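Q: The following block contains a protein sequence and its predicted model.
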Amino acid sequence: MKTQVVIIGAGPSGLLLGQLLHNAGIDNIILERATPDYVLGRIRAGVLEEGIVSMVREAGVAERMDREGLPHGGVQIAFNGEIRRVDFHKHANGKQVVVYGQTEITADLMEARQACGAPIHYKVEKVQIHDPDSDNPLVTYEKDGQQHRIACDYIAGCDGFHGVSRKTIPESLRTEYEKVYPVGWLGFLADTPPIDEELIYGVSDKGFFLCSMRSHTRSRYYVDVSLDEKVEDWSDDRFWEELSSRLPESVRGKLVTGPSLEKSIAPLRSYICEPMQYGRLFLVGDAAHIVPPTGAKGLNLASGDVNYLYRILLKVYKENRPEAIAQYSALCLRRIWHAERFSWWMTNMLHDFGDKFDRKLMDSELDFYTGTDAGLSVIAEQYVGLPYEEVV
Ligand code: APR
Ligand code: PHB
């Protein structure tokens with residue numbers, strides 16, 4: 001078998017890249033370890049910056065997102081029992097974000113892939129990348145006990161944090177940067193109307209909380225918990241009680257409770273692998289970087305990588321400029337480090353990790369950044385997302 005680009009992983013990164021390349025007439029094959037149901041079962045953040053919204057439109061898969069996505073012109077931050085609003089119109093040049101679940105984007109992209117008939121293989125095993133630093137890379141895998149080989153020009157490693165792509169880059173050539181935090185987020189999804197029209201991130205004496213949503217009838221809430229907590233110990237009642245006790249009084253009465261559709265605990269981590277390219281192999285999305293969920297940058301960063309790789313591959317195939325690939329890593333990493341810094345900073349400003357001095361700094365930062373025009377612009381501009389740079 002032969003193709004132009006092999007894409008490993010059918011999460012949002014792999015599917016979005018695959019669709020864009022297919023529309024541009026660049027042949028690609030997607031290889032995914034799991035089943036479609038497994039991929040769609042993962043619940044993740046749902047705040048889309050303008051960058052990904054326009055990429056999904058460019059891919060021709062935006063019909064449902066444009067119909068059902070909720071545009072948000074601000075975000076709210078609660079502390080000391082008070083709620084303050086970050087107004088994007090005023091503080092981020094009128095930009096906005098769209099609230100639309102990552103699971104929904106993934107479902108839309110899967111459907112588009114099926115409709116266009118481009119190859120995608122689920123339940124593949126033992127994916128291996130051979131000779132990515134040569135002019136003739138090869139990807140091998142097994143499916144239903146059969147061995148397969150695909151010769152290709154390039155490989156996009158969209159296989160998430162636990163994939164094979166990153167590990168294919170020799171250890172001596174990569175540097176990993178990591179920060180782990182001493183808490184996790186306990187998430188709760190319910191078919192209840194959200195507490196507010198906008199997201200509310202907050203700190204209380206009992207800890208962090210986030211009130212988010214998927215639609216006007218489906219809410220997503222989070223509280224931070226210590227890492228030894230087990231999700232089985234959190235009954236629905238216990239979760240609602242905990243969340244309610246963290247909310248400012250002004251909104252507590254508006255909380256509508258109901259049975260959970262999903263509950264899970266996710267650890268918080270910041271991680272970056274440099275470089276993101278090795279010969280003809282490119283790392284994309286979670287394969288190269290992880291952010292803590294504060295600020296919802298995970299998918300938005302992944303789509304930044306997809307944007308750069310797609311535009312570089314257009315240069316390669318449409319303008320016959322193979323040297324264009326050399327700019328991939330630096331272009332991606334600049335944007336990634338900005339978002340990593342923002343996510344780390346928001347995480348520190350909104351979580352009490354047990355240090356008395358840092359706890360005081362949190363209040364001071366919250367007061368400054370939500371109480372001055374300069375501070376509000378700092379949050380707003382980064383929350384709505386930094387623009388993509390031009391690929392030359
Ligand atoms: N072979 C084939 N597929 C693999 C392999 C492998 N060895 N290892 C992992 N995969 C698949 C996984 O099953 C998964 O479906 O790669 C896919 C990676 O998808 P994601 O983890 O969703 O990563 P990505 O597409 O980069 O999406 C980034 O996900 O974690 C969030 O915050 C993050 O929102 C961001 C988004
Ligand atoms: C979510 O809706 O799941 C969500 C929203 C914002 C975040 C993280 C998660 O920062």
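A: Arrived safely, thanks for sending. Ligands and ions are numbered 1, 2, ... in the order given.
Q: And the helices in the chain?
A: Counting by DSSP state H, one finds helices in the chain at the ranges 12-23, 36-40, 50-58, 63-68, 88-91, 102-116, 165-168, 236-246, 249-252, 298-318, 328-350, 356-371, 373-384.
Q: Pick the most buried one from these.
A: Counting by mean count of other CB atoms under 10 Å, helix 12-23 has the highest mean neighbour count of the helices of the chain, with a mean of 27. Any C-beta I mention is one placed from the backbone N, CA and C, and that applies to glycine too.
Q: okay if I get the helices of the chain as CSV plus mean pLDDT and distance to Ser219?
A: Formatted as CSV, these follow (pLDDT from 0 to 100; distance: least, CB to CB, whole Å):
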stretch, mean pLDDT, distance to Ser219
helix 12-23, 98, 22
helix 36-40, 93, 20
helix 50-58, 97, 22
helix 63-68, 97, 16
helix 88-91, 96, 22
helix 102-116, 96, 15
helix 165-168, 98, 35
helix 236-246, 98, 10
helix 249-252, 96, 13
helix 298-318, 98, 19
helix 328-350, 98, 19
helix 356-371, 97, 23
helix 373-384, 98, 20
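Q: I'd like to know which of these is closest to Lys143.
A: Nearest to Lys143 among the helices of the chain is helix 36-40; the distance by CB to CB comes to 14.7 Å.
Q: near ligand 2, which residues of the stretch 51-200 of the chain?
A: For the stretch 51-200 of the chain, the residues found near ligand 2 under the criterion CB under 6 Å from any ligand atom are Leu199.
Q: what residue ranges in the stretch 51-200 of the chain score low on pLDDT?
A: By pLDDT under 70, the stretch 51-200 of the chain has no low-scoring segment.
Q: give me the residue from it nearest ligand 2.
A: Leu199 (5.9 Å; CB to the nearest ligand atom).
Q: Is that residue in contact with Ser212, as I believe?
A: Yes: applying CB atoms under 8 Å, one finds Leu199 in contact with Ser212, separated by 5.0 Å.
Q: can you redo the helices of the chain as JSON lines with distance to Lys143?
A: Below are those laid out as JSON lines (distance: least, CB to CB, whole Å):
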{"stretch": "helix 12-23", "distance to Lys143": "17"}
{"stretch": "helix 36-40", "distance to Lys143": "15"}
{"stretch": "helix 50-58", "distance to Lys143": "29"}
{"stretch": "helix 63-68", "distance to Lys143": "30"}
{"stretch": "helix 88-91", "distance to Lys143": "46"}
{"stretch": "helix 102-116", "distance to Lys143": "17"}
{"stretch": "helix 165-168", "distance to Lys143": "18"}
{"stretch": "helix 236-246", "distance to Lys143": "40"}
{"stretch": "helix 249-252", "distance to Lys143": "51"}
{"stretch": "helix 298-318", "distance to Lys143": "25"}
{"stretch": "helix 328-350", "distance to Lys143": "29"}
{"stretch": "helix 356-371", "distance to Lys143": "51"}
{"stretch": "helix 373-384", "distance to Lys143": "42"}
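Q: among these, which is nearest ligand 1?
A: Checking the helices of the chain against ligand 1 by CB to the nearest ligand atom gives helix 298-318 as the closest, at 1.9 Å.
Q: Report whether that closest one contacts ligand 1.
A: Yes: interface with ligand 1: helix 298-318 contributes Gly298, Leu299, Ala302 (CB under 6 Å from any ligand atom).
Q: Any figure for the gap between the first one and Ala339?
A: With the distance defined as CB to CB, to the nearest Å, Gly298 ends up 9 Å from Ala339.
Q: now swap in the second one and tell me
A: Here Leu299 is placed at a distance of 11 Å from Ala339 (CB to CB).
Q: what's the answer for the last one, then?
A: Here the criterion is CB to CB. By it, Ala302 lies 11 Å from Ala339.
Q: For ligand 2, see how far away the closest residue to Pro194 other than its chain neighbours is.
A: Spatially, and ignoring its direct neighbours in sequence, Pro194 is nearest to Met213 (3.8 Å; CB to CB, 6 or more residues apart in numbering). Distance, Met213 to ligand 2, using CB to the nearest ligand atom, to the nearest Å: 7 Å.
Q: Looks like Met213 contacts Tyr221 (just checking).
A: No: using CB under 8 Å as the test, Met213 is too far from Tyr221 to be in contact (9.2 Å).
Q: Looking at those two, which has the bigger crowd around it?
A: Neighbour tally, Met213 and Tyr221, criterion other CB atoms under 10 Å: the higher count belongs to Tyr221, 28 against 24.
Q: Please look at Ile105 and Glu63 and confirm they touch.
A: No: counting by CB under 8 Å, Ile105 does not reach Glu63; the two are 12.0 Å apart.
Q: which neighbours do Leu199 and Ser212 share?
A: Shared contacts of Leu199 and Ser212, defined by CB atoms under 8 Å, 6 or more residues apart in numbering, are found at Val47, Val99.
Q: Got the phi and psi for whatever residue of the stretch 1-150 of the chain ends up closest to ligand 1?
A: Using CB to the nearest ligand atom, the closest approach of the stretch 1-150 of the chain to ligand 1 is made by Gly11 at 2.2 Å. Dihedral angles phi and psi of Gly11 (degrees, to the nearest 10) take the values phi -80, psi -170.
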